[in-house]
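J.: Could you work out the structure for the sequence below:
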Amino acid sequence: MFARHLLTYGLMICLLLIPAAAHADDHCPDSTCEGASYGIAAELIAAYPSPAVTPMLPNEPLLYDRVYRRIEGPIEIFDAPGGQASAAMDRGFNFFTVSAIEGDWAMINDGQWVRSAVLTEASISRFAGVRLSGEPLPYPFAWLLVHTRASQTPGVEPLTSDPLYLRYQLVNIYDSVEIDGWIWYQVGVDQWIIQTQLAQFLPVERPAEIDTERWVSVDLYEQVMIAYEGDTPVYTSLVSSGLRDWPTNEGLFHVYVRYPRTLMSGAEGKPDFYFLEEVPWTMYFDGDIALHGAYWHDGFGYRRSHGCVNLSITDAAWLYDWASPEFDFSVDNDLGPAVYVYSSGAYR
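T.: Down below sits the predicted model:
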């Protein structure tokens, strides 16, 4: 798993700074920290027990308005149930939307049928991001990336009796300390989690070159997207950007075309061939790299794409609608919101 370094908020968000009980350079030499005192007091945590954000509910109608199915292949495609083979598809990461079932056959497009036995269900994620009020946050917050237990002391392995945190759970970050080159974050009273298991919401100062009121930042290090109105973050969520061999490019871009549903395919004849029907809420901003919904995985918070920025269906639909005021539909090829892609840290 990749490491995440200690990062702080910019001046654009005024935090209520509470003095830390200990600092990175105070930790004990043997890294067990026995007898050391770390973190802020319980009464301060009790005043802000959870992040001051509004979680979005899954958009149920959009999650299940299509029957998404995977076909690994290679397969033959027929012109009718029990009919003649009319096409073939190579093995790959292939997904179709099924529009009809007749007996042991499934229709994947008009005049295209496959045997139902070759289909497997898609892993549709119910994850969704959070709305932000625009008010200053008392503490930074983060998502858990894995199910994990919080250690009572930073730098120490948790016990089976320690509190259990679940993947995608939101937590405040009350304090931090560095132990042997790793940052540990306080998420509760005597509760510490190492940096590799969290993804932080870290707003970035608006670049001077951004020329749209509504714009989006994508932090490749934290795997977090933030939507801004002016200088104010209004929505944020986890994403999945490009893998090392297919990186998402850093830089400043604009959405230049968008589709509520579109076909994506690539790497034909190669081991990483993919064919994805009806990719939802797609906004292209850098060549063939787009922000879009992903109905085929629940791995948000980790890199896993061919360069695009994957969002949950709920998040992608929200972002697509929110971006609409930046488009002038009376102007051909009008550019949409700016997209700023950067890395707040370095993988190691």
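J.: Domains of the protein: list them as residue ranges, please.
T.: Domain assignment for the chain by automatic domain parsing gives 24-56+128-200, 68-115, 214-342.
J.: elements contacting the helix or strand encompassing Thr314?
T.: Here Thr314 sits within helix 313-323, counting by DSSP states H and E. Here helix 313-323 touches helix 60-63, strand 214-219, strand 224-229, strand 232-238, strand 257-266, strand 274-286, strand 289-293, going by 3 or more C-beta pairs under 8 Å, 6 or more residues apart in numbering; DSSP states H and E. C-beta here means a position set from N, CA and C on the backbone, and glycine is covered the same way.
J.: how about the very next helix or strand once past it as PDB, C-alpha atoms only?
T.: Toward the C-terminus, helix 313-323 is succeeded by strand 338-342 as the next helix or strand (DSSP H and E). The C-alpha trace of strand 338-342 is given here as PDB (Å, rounded to 0.1, in the frame of the first residue of the first chain):
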ATOM      1  CA  ALA A 338     -11.600  24.000 -15.300                       C
ATOM      2  CA  VAL A 339     -10.100  20.800 -14.000                       C
ATOM      3  CA  TYR A 340      -6.800  21.100 -11.900                       C
ATOM      4  CA  VAL A 341      -5.000  17.800 -11.600                       C
ATOM      5  CA  TYR A 342      -2.000  17.800  -9.200                       C
END
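J.: what does strand 338-342 rub up against?
T.: 204, 207, 210-212, 215-220, 248-255, 285-286, 291, 309 (C-beta atoms under 8 Å, 6 or more residues apart in numbering).
J.: now these: which count as buried?
T.: 204, 210, 212, 215-220, 248, 252-255, 285-286, 291, 309 (16 or more other C-beta atoms under 10 Å).
J.: Contacts only, for Asn59.
T.: Residues in contact with Asn59, defined by C-beta under 8 Å, 6+ apart, are 128, 313-314, 317-318.
J.: how close does it get to Tyr340?
T.: From Asn59 across to Tyr340, the span is 26 Å (C-beta to C-beta, to the nearest Å).
J.: what does Thr160 give?
T.: Relative to Tyr340, and taking C-beta to C-beta, Thr160 is found at 43 Å.
J.: more crowded one of these two?
T.: Remark: of Thr160 and Tyr340, Tyr340 carries more neighbours, 20 against 6, as counted by other C-beta atoms under 10 Å.
J.: So what are the sheet partners of the helix or strand bottoming out on mean pLDDT in the chain and their directions?
T.: Across the helices and strands of the chain, mean confidence by mean pLDDT, DSSP states H and E is lowest for strand 85-89: a mean of 91. Strand pairing for strand 85-89, determined by DSSP bridges: strand 75-78 (antiparallel).
J.: what comes up buried for the partner strand?
T.: Applying 16+ other C-beta under 10 Å to strand 75-78 flags 75, 77-78 as buried.
J.: quick one: low-confidence parts of the protein?
T.: 1-37 (pLDDT under 70).
J.: Go again with 50.
T.: Where the chain drops to pLDDT under 50, the residues are 1-35.
J.: In it, which residue is most central in space?
T.: Compute the mean C-alpha point of the chain, and by C-alpha atoms, centre = their mean the closest residue is Val239, 1.8 Å away.
J.: Please name the residues that touch that one.
T.: Contacts for Val239 (C-beta under 8 Å, 6+ apart) come out as 218, 223-225, 300-301, 309-311.
J.: Turn those residues into CSV, including distance to Gln191.
T.: Below are the contacts of Val239 laid out as CSV (distance: C-beta to C-beta, whole Å):
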residue, distance to Gln191
Val218, 30
Gln223, 23
Val224, 22
Met225, 27
Phe300, 24
Gly301, 20
Val309, 32
Asn310, 30
Leu311, 29
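J.: Relative to Asp110, which of the residues you listed is nearest.
T.: Lowest distance from Asp110 to those (C-beta to C-beta) belongs to Asn310, with 28.2 Å.
J.: Secondary structure class of that closest one, three-state.
T.: Put simply, Asn310 is strand when judged by DSSP: H, G, I helix; E, B strand; the rest coil.
J.: Compute the number of surrounding residues for it.
T.: Per other C-beta under 10 Å, the neighbour tally for Asn310 reads 29.
J.: my read: it touches Arg304, true?
T.: Yes - using C-beta atoms under 8 Å, Asn310 is in contact with Arg304, at 7.2 Å.
J.: Which neighbours do those two have in common?
T.: Shared contacts of Asn310 and Arg304 (C-beta under 8 Å, 6+ apart): 240, 297.
J.: Quick check: which of the domains of the chain is buried the most?
T.: Neighbour counts (mean count of other C-beta atoms under 10 Å) averaged over each of those peak at domain 214-342, with a mean of 19.
J.: thinking again about what came up before, any chance of the helices and strands packed on helix 313-323 in CSV, with distance to Asn172 too?
T.: CSV is the format used below for these (distance: least, C-beta to C-beta, whole Å):
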stretch, distance to Asn172
helix 60-63, 29
strand 214-219, 19
strand 224-229, 16
strand 232-238, 15
strand 257-266, 35
strand 274-286, 30
strand 289-293, 28
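J.: Out of these, which is closest to Gln186?
T.: strand 224-229 (20.0 Å).
J.: From what I see, Tyr274 and Cys308 are in contact.
T.: No - with contacts counted by C-beta under 8 Å, Tyr274 stays clear of Cys308, the gap being 10.8 Å.
J.: Need the overlap of contacts for those two.
T.: Residues touching both Tyr274 and Cys308 by C-beta under 8 Å, 6+ apart: Met264.
J.: Great, nothing more from me.
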